[in-house]
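Undergrad: Here you go, sequence then predicted model.
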Amino acid sequence: MSKEKNCLIVRAAGRQLDLLRGEASRIAKSSNVDWWIDRAEIGTRFCFEDPKAKDSFAVACDNFGIPCQDG
C-alpha cells in the first residue's frame, strides 16, 4: 500500500497546528508507527505508516473542531 494513502490534509496554523503535531506524535507513539508532515497546496499533510493511526488522528481533528480531508 502506498504511504500516501495514510495521509490527511488539515487547514490549521499557529497553536492549532502545534496542538495537532502533539496529537499526531502521541497517536504514532501509542501505535508504534512513524509519522511525518509535508506541505500541501491547501494546508498541512499529516501522514502515518498505519491506517489505524490515520483514523485516530482524524477523530482527534474532529474532536478539536479542525476540518481534515484525505490527502
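TA: On my side now, so go ahead.
Undergrad: quick one: Ser31 and Phe57, what's the gap?
TA: Distance of Ser31 to Phe57, computed by C-beta to C-beta, to the nearest Å: 10 Å. The way it works is simple: take the backbone N, C-alpha and C, and place the C-beta from them, glycine included.
Undergrad: Please, where are all the strands along this protein?
TA: 7-10, 35-40, 43-48, 68-70 (DSSP state E).
Undergrad: When Ser31 and Phe57 are compared, which one has more neighbours?
TA: Shown here are Ser31 and Phe57; by other C-beta atoms under 10 Å, Phe57 has more neighbours (26 against 17).
Undergrad: which residues touch that one?
TA: Taking C-beta atoms under 8 Å, 6 or more residues apart in numbering, we find Phe57 in contact with Leu8, Leu20, Glu23, Ala24, Ile27, Phe46, Phe48, Cys68.
Undergrad: got CSV for the strands of the chain, with distance to Asp62 and mean pLDDT too?
TA: Output for these, formatted as CSV (distance: least, C-beta to C-beta, whole Å; pLDDT from 0 to 100):
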stretch, distance to Asp62, mean pLDDT
strand 7-10, 11, 96
strand 35-40, 18, 94
strand 43-48, 14, 96
strand 68-70, 8, 93
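Undergrad: returning to what we had before: list the residues that contact both of Ser31 and Phe57?
TA: With C-beta under 8 Å, 6+ apart, Ser31 and Phe57 have common neighbours Phe48.
Undergrad: Sweet, I'm off.
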